[in-house]
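Novice: Predicted model, plus sequence, below.
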Amino acid sequence: MSKIKVYGNKFSRTPRITWCLQEVGADYEVIETPFDQLKTPEYLALNPNGKIPCLKDGDLTMFESLAINLYIAKTYGTGKIYPSNPAEEALVLQWTLWVATEVEPYLLAALLFKLGFSKDEHAASAAPERVKPAMQVLDKHLANRKWLVGDAFSVADLNVAAVVSTTQHSGVDISYAANVTDWLARCLARAAG
Ligand SMILES: N[C@@H](CCC(=O)N[C@@H](CS)C(=O)NCC(=O)O)C(=O)O
């Protein structure tokens, strides 16, 4: 069986994929893919969006980082970081879609401006207020539990933490959400190995 291939680089969303692969102990390799190669015919054949990351596992080739993690977790980590019952699976999907729609767009606006990839200062400066309602929801959810779904770390934590961790590089202060910052530290301690 050939190794799982992850196309990407460390200055992108690729580390959230390698974190997930490490959680499930999968055998993988990163195919270093610089930003200036994303629009080549060879790469577009893998991901027609011309973006990273992209995953190839056997006959499956797919894009969208958070969906890639759901695939990895379900295929290689059911019973470990992916639940085996439909209700908890639904909650994993709920938190993943929630973070992609209610959180990532705002944090990304702040991050891209801070790194000089966007000139949209208005979106960047609005980000802390725009993301606050979602952070308050997350904070309340974590008030009496250690992990987002069930009583163990799951791909829901991984996907949400991967997005929320960008607050640390984008200058978005979420210190008002102490349960979130504690939970984020717990998650990132795992990612650190
Ligand atoms: N929603 C996609 C976003 C992919 C994305 O925008 N990737 C960035 C790097 S993190 C990229 O490839 N940017 C290069 C470009 O847009 O040309 C995902 O989560 O995988």
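Specialist: Great, that's in hand. Numbers count the residues shown, from 1 in each chain.
Novice: going forward, measure contacts between C-alpha atoms and count neighbours the same way
Specialist: Noted.
Novice: Return the residues of this structure in contact with the ligand.
Specialist: 12, 13, 35, 51, 52, 53, 63, 64, 65, 66 (Cα under 6 Å from any ligand atom).
Novice: Buried only: go through these for me.
Specialist: Among the residues of the chain next to the ligand, those classed as buried by 16 or more other Cα atoms under 10 Å are 13, 51, 52, 53, 63, 65, 66.
Novice: Just the ones of those residues in strands?
Specialist: Under the assignment DSSP state E, those contribute residue 63 to strands.
Novice: returning to that earlier point: dump the residues of the chain next to the ligand into a markdown table; add pLDDT as well.
Specialist: Converted to a markdown table, those look like this (pLDDT from 0 to 100):
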| residue | pLDDT |
| --- | --- |
| 12 | 96 |
| 13 | 97 |
| 35 | 97 |
| 51 | 98 |
| 52 | 98 |
| 53 | 98 |
| 63 | 98 |
| 64 | 98 |
| 65 | 98 |
| 66 | 98 |
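Novice: Give me the subset of these lying in helices.
Specialist: Those of these mapping onto helices are 65, 66, per DSSP state H.
Novice: Kindly list the main-chain dihedrals of residue 162?
Specialist: Dihedral pair for residue 162: phi -60, psi -40, per degrees, to the nearest 10.
Novice: neighbours of it, just the number please.
Specialist: For residue 162, the neighbour count with other Cα atoms under 10 Å is 22.
Novice: same check, this time on the one 10 residues further on
Specialist: Residues near residue 172, counting by other Cα under 10 Å, number 22.
Novice: Chain neighbours aside, what residue packs nearest to it?
Specialist: Excluding the flanking residues, the one nearest residue 172 by Cα to Cα, 6 or more residues apart in numbering is residue 128, at 5.5 Å.
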